[in-house]
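Enquirer: Only the shape, not the letters, is given here:
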């Protein structure tokens, strides 16, 4: 990928500033998993293109979003290969694609029951990813990864605005009630515990030769993934994510309830992180 996709290219990354002494193993393992998910954007583009068939403007936005997500995966994958020369991104991604195949990708039916609901779900995802990459940007001392994470975080905030505008477009037509919007948002948050991230961690960090000795188990690799990533987050990352998630639900970002929920979610994240670290030690 050589052309400008989202205001930057892989050539804009300061690869020559890579500092191996600043590479943290747990961060590296988390980045390998993130690269898998980002690079898998083509499947999401195919699915969303079926859901939004007939809306030319939205389809163009989805195609552009997919190209940008793919570039994220390429950047993260290249960094992981530099940080760990034994890691080969494309074979690892092939293992991920082989093992992770959500049924709704094949069906083409809106998993959230409509276009407005699908936009809410995408807002939830972009809220999480923008906070995740902001956390990596603020946590890592490795200059190249910091530069990559900063660019991706900015992209994900912009993607959130894209999908939020899509929600505003479809909501007047579909008129999802508050309880339905809340259900979609909470349901998509809960999907963070499904196979996607867990299997991405497995495919990225367990060599294929060891698959028979270390078979995939969602509970095991979900915990392993979360143990790596929860330490990235700071209160401001979580509060911002909660505000973004609840905007399409209909709650005011600066309202007292949203502020309380942000604090409560930060407490949950902090306690889970401590629990995982205690069990690992």
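Expert: Received the coordinates, thanks. On a predicted model such as this, the values are computed, not experimentally measured, just so you know.

Enquirer: what about stretch 218-237, how long is it end to end?
Expert: 26 Å (C-alpha to C-alpha, to the nearest Å).

Enquirer: Going by neighbour count, list what's buried in it.
Expert: By 16 or more other C-beta atoms under 10 Å, the buried positions in stretch 218-237 come out as 221-234, 237. Where you see a C-beta, it was placed from the backbone N, CA and C, and this is true even at glycine.

Enquirer: of these, closest to residue 58?
Expert: residue 237 (28.8 Å; C-beta to C-beta).

Enquirer: just to revisit the earlier point, wait, which of the buried residues of stretch 218-237 is closest to residue 120?
Expert: Using C-beta to C-beta, the buried residues of stretch 218-237 come closest to residue 120 at residue 237, 20.6 Å.

Enquirer: Tell me the gap between the helix or strand hosting that closest one and the middle of its chain.
Expert: Taking DSSP states H and E as the definition, residue 237 sits inside helix 235-246. The chain centre lies 15 Å from the centre of helix 235-246; the measure is C-alpha atoms, centre = their mean, to the nearest Å.

Enquirer: now swap in stretch 22-34 and tell me
Expert: 15 Å.

Enquirer: again, but for stretch 49-67
Expert: Using C-alpha atoms, centre = their mean, the offset of stretch 49-67 from its chain centre is 19 Å.

Enquirer: Please report phi then psi for residue 40.
Expert: For residue 40, the backbone dihedrals (degrees, to the nearest 10) come out as phi -80, psi 20.

Enquirer: tally of neighbours for it?
Expert: 21 (other C-beta atoms under 10 Å).

Enquirer: how much space between it and residue 261?
Expert: 30 Å (C-beta to C-beta, to the nearest Å).

Enquirer: follow-up on the earlier one: what does the helix holding residue 237 contact?
Expert: Contacts with helix 235-246, where a contact means C-beta atoms under 8 Å, 6 or more residues apart in numbering, come from 123-124, 126-128, 130-131, 134-135, 138, 160, 185, 189, 253-254, 258-259, 261-263, 265-266, 269.

Enquirer: go again using 7 Å as the cut-off
Expert: By C-beta atoms under 7 Å, 6 or more residues apart in numbering, the residues outside helix 235-246 that reach it are 123-124, 127-128, 131, 134-135, 160, 185, 253, 258, 261-262, 265-266, 269.

Enquirer: so after it, what's the next helix or strand?
Expert: Next along the chain from helix 235-246, counting by DSSP H and E, comes helix 256-280.

Enquirer: which strands and helices sit next to that next one?
Expert: Here helix 256-280 touches helix 218-229, helix 235-246, going by 3 or more C-beta pairs under 7 Å, 6 or more residues apart in numbering; DSSP states H and E.

Enquirer: Tabulate these (a markdown table), appending mean pLDDT.
Expert: Formatted as a markdown table, those follow (pLDDT from 0 to 100):
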| stretch | mean pLDDT |
| --- | --- |
| helix 218-229 | 94 |
| helix 235-246 | 96 |
